[in-house]
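K.L.:
A predicted structure for the sequence below; I have some questions about it.
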Amino acid sequence: MKRIPPLQSLAISILAQTFGFGVSILVANFSGISGLLLSIVHGASAGCVAGFLRLSPTWVVVNMAMWPAAWLYKHAALPNQALLWLVLVLLLIYVPTYWTRVPFYPSSRRMYEAILEFLPQDQPFKFIDLGCGYGALVCYLAKQRPLGIFVGAELAPLPALIAWLRSRSYGSRVQITWGNFWKLPLSDYQVVYAFLAPDPMPQIEEKCAHEMKSGSTLLINSFPLSRPAQQQIDVPDERNCVLYYYRM
Ligand SMILES: C[S@@+](CC[C@H](N)C(=O)[O-])C[C@H]1O[C@@H](n2cnc3c(N)ncnc32)[C@H](O)[C@@H]1O
């Protein structure tokens, strides 16, 4: 699906919300319903318009949830700072997406299992997850492959913090770096994994070709490089992801 830029998504959302207002005024006049039920009607109509106009699932959810959430917030008598904290938490998760163009969506458990097949069982190796999110993948792999060292690099502050806290129980076998993976050299790693988005893939291809050692393994989830992969595994998860294996 073609990605709609943020400002255009915002403009479409305003349209969707205006439609939601129109529908809820009509419904209120004809049926007399009000309160939470009316804001759900508003959210559902705005969400339908957002979906119909091909906004991304995140924008559709925002359009749907905004009014019911505002109603709940107003009536739940939450402390004044609650909304501020919520906004701060969301910023700590999502602000880097504006620059990276790569939102967080996790690899599936079936993808974890497909990745495992490429990791040595009987010799030490180093693995890096470029954009490790909340660190679930590196921690899972560390449990399954005791001889490996697993590094996760993540730019979004809150996911990086959670990944780091998670990594504590693995000692030095799981290392989380808060920062931009473009700045990390890849020459130390026998296995590099990336689940990103179409935009950065040409740059990833160039970086890996320059920095990864000959004979090392590059695993790409869903967004292949321009050159043919040595192996391509169809992973039967909910998104029908494909794991591409490149020998460098
Ligand atoms: C699609 S998610 C994948 C998460 C995890 N690797 C997994 O497979 O479950 C991509 C992650 O990469 C992170 N990311 C994108 N660009 C980045 C960059 N330049 N440096 C560090 N992290 C980045 C995003 O914040 C997001 O959490």
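P.N.:
Okay, I see it.
K.L.:
residues from this protein in reach of the ligand?
P.N.:
96, 100, 102, 104-107, 129, 131-133, 137, 153-156, 159, 180-182, 195-196 (Cβ under 6 Å from any ligand atom). In short, each C-beta sits where N, CA and C put it, glycine included.
K.L.:
Mind checking which of those residues are in strands?
P.N.:
D129, A153, E154 (DSSP state E).
K.L.:
thinking again about what came up before, weed out the non-buried ones from the residues of the chain next to the ligand.
P.N.:
Buried subset of those (neighbour count, 16 or more other Cβ atoms under 10 Å): 96, 100, 102, 107, 129, 131-133, 137, 153-156, 159, 181, 195-196.
K.L.:
So which of these belong to helices?
P.N.:
P96, T100, L137, P159 (DSSP state H).
K.L.:
which residue packs closest to the first one, ignoring adjacent ones?
P.N.:
Sequence neighbours aside, L155 is the residue nearest to P96 in space, at 4.4 Å (criterion: Cβ to Cβ, 6 or more residues apart in numbering).
K.L.:
Hmm, W182 and the one you found touching each other?
P.N.:
No. L155 is beyond contact range of W182, at 9.5 Å (criterion: Cβ atoms under 8 Å).
K.L.:
and whichever residue of the chain sits closest to the ligand, what does it touch?
P.N.:
Of all residues in the chain, the one sitting closest to the ligand is G131 (2.0 Å; Cβ to the nearest ligand atom). By Cβ atoms under 8 Å, 6 or more residues apart in numbering, G131 lies in contact with T100, V102, A153, E154, L155, F181, A194, F195, L196.
K.L.:
how about the second one, what does it touch?
P.N.:
Read that as V102. G131, L196, A197, D199, P200.
K.L.:
State the pLDDT value of the third one.
P.N.:
When you say that, I think you mean A197. A197 is assigned 92 on the pLDDT scale.
K.L.:
residues making contact with stretch 219-227?
P.N.:
107, 111, 115, 118, 191-198, 201-202, 204-205, 218, 229, 232, 239, 241-246.
K.L.:
Give me the buried entries from those residues.
P.N.:
Those of the contacts of stretch 219-227 that meet the buried threshold are 107, 111, 115, 118, 191-197, 201, 204-205, 218, 229, 241-246, by 16+ other Cβ under 10 Å.
K.L.:
Please name the residues that touch the residue nearest the centre of the chain.
P.N.:
Central residue of the chain (Cα atoms, centre = their mean): F104, 1.2 Å from the mean position. The contact partners of F104, taken as Cβ under 8 Å, 6+ apart, are I93, T97, G133, Y134, A156, P159.
K.L.:
thought the third one was touching L161?
P.N.:
No. Counting by Cβ under 8 Å, no contact exists between G133 and L161, whose distance comes to 11.9 Å.
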